[in-house]
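Q: prediction below, plus the sequence it came from.
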Amino acid sequence: MRTLLTVGAVIQSSESWIDGPAHIVIEDDRIAALAAGPYAGPQSEFDLVIRRPHALALPGLINAHGHAAMTLLRGVGDDVPLFTWLHERIFPLEAKLTGEAVYWGTLLACWEMIRSGTTCFTDMYMMMDHAAQAAAESGLRAVLSWGMVGLDEASAEAGIRNTRRFAAAWHKAADGRITVTLGPHAPYTCPPAYLTRVAELSAELGLPIQIHLAETRQEVADSLARYGASPIVHADRCGLFAHPVLAAHCVHVDDDDIAILQHRGVRVAHNPQSNLKLASGVAPVARMRAAGVTVGLGTDGAASNNNLDMFEEMRLAATLHKGVHEDAAAIPAREAFAMATELGARAVFLPEGHGTLAPGQPADIVLLDMTSPHFIPPRDLLSHVVYAAGADDVTDVFVAGRMLMAKGEVLTLDTERIRYEVRRLVSLFSGSS
């Protein structure tokens, strides 16, 4: 399949762009050519020609942390802190979830993400075969983990068993769009011996790890009291950081913790909106980046955000830290954009080059409408993407060369069916609609 895409401008990466008409040649799932100006050869050689003269092309956004099926729990636990939110609002409802609910909740998340320009997402949750099936059907790229807890022997063994089976079934499935990681939930739900077992399983299967770390002050205080170490030091002692790790949150970390993250090559998923909504705090992202830590951006689940809009996360990441540090250059627009694209790709263990638009790279492309008021006047397009644009400006989405949305219409999902099924399931498991 050969596709010719003509656009009004291209942002190839946080450091490279074409500020004028350009063309992109897509061959199967890859970008074969990208250059300024019109395509010089005959257009008859293409299977599909797409003309978007007023569109801005940019790399698809990468959501580096989330729990997709928690779209079903959107709005059930607002305005309470994390541990109250978890134990009193979320866990009781999650106990009622079924595989069918996880499937439809994940499809709802995929619908929302496609509409808002996300082309790759991470997910750590339960009954993940159903989530993987939804991700495969949506056409999105996904990095998936079966959530593991080790609070008792039965759940600990089930986590290991389910992870082995899930990895065998789904790693590199859907033409390679789905990859699997290990998903120990957090040190407070996974005792030290269990984290060590997870590290050993990572080595055995050759798969990276996702985990929540240092999200709240209470978590840090409990870790210091129980283990005499911060969650970062504790995770390192358990052997996790001998393997590739993506650590979600890292809100309450000190300079010693940051040095360990950098030395061990631990990636961090920054979730500014979720951390603010749950009153967890503000992660020291400027210090992490200055130290050389790879930081991606995530939304977290829709129950703690409450949406999956990566444009909001970019804008908040770029503005929040300016206010915290009283430094307008703390996280520049280009840094925030990189965290949602090329740095995000690195954070979620995608191969080098993902999160950029260049020949040889995957054709994960998002188009924005430059006739939107957000792009007028067209001074600095990348700055406009971060500080002005929104999900409503997304018109077209490609993943691995396949068009998932065209002129605002999602092509891969039955959105009316998703709306119906989610309403039906929510009324069954929560008694409300």
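A: Nice, thanks for sending it over.
Q: with adjacent residues omitted, what lies nearest to residue 202?
A: With CB to CB, 6 or more residues apart in numbering as the criterion, residue 202 has its nearest non-adjacent residue at 4.2 Å, and that residue is residue 243. C-beta coordinates here come from the backbone N, C-alpha and C atoms, glycine included.
Q: show me what contacts that neighbour?
A: Residues near residue 243 by CB atoms under 8 Å, 6 or more residues apart in numbering: 199, 202-203, 208-209.
Q: now, which of these lie within strands?
A: In strands, judged by DSSP state E, the following of the contacts of residue 243 are found: residue 209.
Q: pull out the buried members of the contacts of residue 243.
A: Of all the contacts of residue 243 considered here, the ones buried according to neighbour count by 16 or more other CB atoms under 10 Å are 199, 202, 208-209.
Q: which members of the residues you listed are the farthest-apart pair?
A: Greatest spatial distance in those: 199 and 208, 11.3 Å, computed using CB to CB.
Q: quick check, pLDDT for the nearest residue to residue 406 once chain neighbours are set aside.
A: For residue 406, ignoring the flanking residues on the chain, the nearest one in space by CB to CB, 6+ apart is residue 396 at 5.6 Å. Per-residue confidence at residue 396 stands at 98 (pLDDT).
Q: which residues touch the strand or helix carrying residue 396?
A: Residue 396 belongs to strand 394-399 when elements are defined using DSSP states H and E. The contact list for strand 394-399, computed with CB under 8 Å, 6+ apart, reads 26, 50, 52, 55, 60, 114-117, 119-120, 139-141, 177, 362-369, 403-408.
Q: what do you get if the cut-off is 6 Å, keeping everything else the same?
A: The contact list for strand 394-399, computed with CB atoms under 6 Å, 6 or more residues apart in numbering, reads 114, 117, 119, 139-141, 363-367, 369, 404-408.
Q: can I get the following helix or strand past that strand as CSV, trimmed to CA atoms?
A: Following the chain from strand 394-399 toward its C-terminal end, the next helix or strand by DSSP H and E is strand 402-406. Extracted as CSV, the C-alpha positions of strand 402-406 are listed here (Å, rounded to 0.1, in the frame of the first residue of the first chain):
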residue,chain,number,x,y,z
ARG,A,402,-3.3,3.0,8.4
MET,A,403,-5.8,5.8,8.6
LEU,A,404,-7.7,5.6,11.9
MET,A,405,-9.5,8.9,11.6
ALA,A,406,-10.3,11.0,8.5
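Q: what strands flank strand 402-406, and is each parallel or antiparallel?
A: strand 394-399 (antiparallel), strand 409-410 (antiparallel) (DSSP bridges).
Q: run through who's touching that strand.
A: Strand 402-406 is contacted from outside by 114, 139, 396-397, 412, using CB under 6 Å, 6+ apart.
Q: in the helix or strand of the chain with the lowest mean pLDDT, which residues are buried?
A: Across the helices and strands of the chain, mean confidence by mean pLDDT, DSSP states H and E is lowest for helix 82-84: a mean of 85. Across helix 82-84, burial judged by 16+ other CB under 10 Å covers residue 82.
Q: in the stretch 51-200 of the chain, which spans are helices?
A: Secondary structure of the stretch 51-200 of the chain by DSSP state H, counting those that start in this stretch: the helices cover 82-84, 91-94, 99-115, 128-138, 153-170, 192-205.
Q: wait, the stretch 301-433 of the chain
A: Remark: helices of the stretch 301-433 of the chain, listed N- to C-terminal, are 310-325, 333-340, 342-347, 381-387, 415-430; assignment by DSSP H, counting those that start in this stretch.
Q: need the ones you listed in CSV (columns: mean neighbour count).
A: Rendered in CSV, the data for the helices of the stretch 301-433 of the chain read as follows (neighbours: other CB atoms under 10 Å):
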stretch, mean neighbour count
helix 310-325, 21
helix 333-340, 25
helix 342-347, 27
helix 381-387, 21
helix 415-430, 15
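Q: how about these, which one is nearest residue 128?
A: Proximity of those to residue 128 was assessed by CB to CB; the nearest stretch is helix 415-430, lying at 17.4 Å.
Q: gap between that closest one and the chain center?
A: A distance of 24 Å separates the centroid of the chain from that of helix 415-430, by CA atoms, centre = their mean, to the nearest Å.
Q: run through who's touching that helix.
A: The contact list for helix 415-430, computed with CB under 6 Å, 6+ apart, reads 72, 93, 96, 101, 104, 107-108, 111, 433.
Q: state the pair within these that is farthest apart.
A: Maximum pairwise distance among those (CB to CB): 22.7 Å, between 96 and 111.
Q: please identify which of those two sits among more neighbours.
A: Summary of the neighbour comparison: residue 96 and residue 111, criterion other CB atoms under 10 Å, with residue 111 having more neighbours (23 against 11).
Q: quick one: residues contacting the more buried one.
A: Applying CB under 6 Å, 6+ apart to residue 111 gives the contacts 413, 415, 418.
Q: export these to TSV and tack on pLDDT and distance to residue 376?
A: Converted to TSV, the contacts of residue 111 look like this (pLDDT from 0 to 100; distance: CB to CB, whole Å):
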residue	pLDDT	distance to residue 376
413	98	32
415	98	30
418	98	34
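Q: what's the closest of those to residue 217?
A: Taking CB to CB as the measure, residue 217 lies nearest residue 418 of the contacts of residue 111, at 38.2 Å.
Q: so the closest one versus residue 297, what's the distance?
A: When CB to CB, to the nearest Å is the yardstick, residue 418 and residue 297 sit 25 Å from each other.
Q: kindly report the same for residue 161.
A: For residue 161, the distance to residue 297 equals 33 Å [CB to CB].
Q: cheers, nothing more for now.
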